[in-house]
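In: What follows is a predicted structure for the sequence shown.
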Amino acid sequence: MDPNGIKQEQEEATKALATLVEPFISACNSTGVEHEVILVRGDPREALLEACLHHNVNLLVVGSRGLGTVRRALLGSVSTHMVHHAHCPVLVVPTAPR
């Protein structure tokens, strides 16, 4: 893929992320919750740990997809990794019941 194509894909991914997090940003703003949204790239476990240290995070909020024991063992769980390795408190938010 040419460099322009990669740059365009990165810009589209950033726009999609902005759309995804907008409801959470609005909820934080309307309730007075101090927050910062940080975009990280790479292995989510390592990128999040590094971002938490670099930005002196007070609380890390991560989602849980509820994959189950077998899938979590095979794929690894970002939320579980964060709970065990982050230097700050971690709030794991489960997915809504289906």
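Out: It's in.

In: use CA for all of it now, contacts and neighbours both
Out: Will do.

In: need the longest helix for this protein.
Out: helix 3-31 (DSSP state H).

In: contacts for the next helix-or-strand element following it?
Out: Sequence-wise, the next helix or strand downstream of helix 3-31 (DSSP states H and E) is helix 44-54. If you take Cα atoms under 8 Å, 6 or more residues apart in numbering as the criterion, helix 44-54 is touched by 38, 40, 41, 60, 78, 81, 82, 85, 86, 87, 88.

In: pLDDT weak spots in this protein?
Out: Under the criterion pLDDT under 70, the flagged ranges of the chain are 1, 66-76, 98.

In: At the geometric centre of it, which residue sits there?
Out: With distances taken as Cα atoms, centre = their mean, residue 62 lies nearest the centre of the chain, 5.7 Å away.

In: that older thread, distance from the longest helix of the chain to the middle of the chain?
Out: Put simply, helix 3-31 sits 12 Å off its chain's centre (Cα atoms, centre = their mean, to the nearest Å).

In: how about it: buried residues?
Out: Within helix 3-31, the residues that count as buried by 16 or more other Cα atoms under 10 Å are residue 25.

In: just stretch 89-98 next, same as before
Out: For stretch 89-98, a neighbour-count test (16+ other Cα under 10 Å) marks residue 90 as buried.

In: And for stretch 81-89?
Out: Those would be 82, 83, 86, 87, 88, for stretch 81-89 by 16+ other Cα under 10 Å.
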